[in-house]
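J.: Please find the sequence and the predicted model below.
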Amino acid sequence: MSNNEFYVVLSTCPDAETAARIARALVDASLVACVNVVPGLRSIYRWNDSIRDDQEVLMILKTAADRLPDARQRLVALHPCEVPEVVALPVADGHDAYLSWVYSATRAPTT
């Protein structure tokens, strides 16, 4: 198993409850192995010709490359924003045992 078979996906949510709901759904469906929900994010961005300054929550998702398309599709479907952030970064290096766990967790039977 090579490291380029894994991705870290970044996505923001408007609040912790939304992030937790999305995280649970993706983990439950074995689309991602883990989601870190990081509160306290401040995002400043341009949207519809105005500058926004919002409090958000960052989700850091870990998944296998072959699960990424389905994880992205489900994340977008569950997300409340019109254009949700979904940025997938390939894993350049990682602890083999952890990456093996990510692979196994994204193969677990769904409930």
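T.: Good, I have the coordinates. In this text the structure is predicted, and so the values were computed from the model without any measurement.

J.: The residue nearest to the spatial centre of the chain is in what secondary structure piece?
T.: For the chain, the residue whose C-alpha lies nearest the mean C-alpha position (CA atoms, centre = their mean) is residue 61; its distance is 3.4 Å. Element membership of residue 61, judged by DSSP states H and E, is strand 50-64.

J.: Following that strand in sequence, what is the next regular element?
T.: Counting by DSSP H and E, the element that comes right after strand 50-64 along the chain is helix 68-78.

J.: list the helices and strands that next one packs on?
T.: Using 3 or more CB pairs under 8 Å, 6 or more residues apart in numbering; DSSP states H and E as the contact criterion, the neighbours of helix 68-78 among helices and strands are strand 6-13, helix 16-28, strand 50-64. C-beta coordinates here come from the backbone N, C-alpha and C atoms, glycine included.

J.: With mean pLDDT and distance to residue 78 as added columns, please give the ones you listed in CSV.
T.: Output for the helices and strands packed on helix 68-78, formatted as CSV (pLDDT from 0 to 100; distance: least, CB to CB, whole Å):
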stretch, mean pLDDT, distance to residue 78
strand 6-13, 98, 10
helix 16-28, 98, 5
strand 50-64, 97, 11
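
J.: now the angle between strand 6-13 and the strand holding residue 61, please.
T.: An angle of 150 degrees separates the directions of strand 50-64 and strand 6-13 when computed by axes from the mean of the first three to the mean of the last three CA atoms, to 10 degrees.

J.: next one: strand 50-64 to chain centre, how far?
T.: Shown here is strand 50-64, whose average C-alpha point lies 10 Å from the average C-alpha point of the whole chain (CA atoms, centre = their mean, to the nearest Å).
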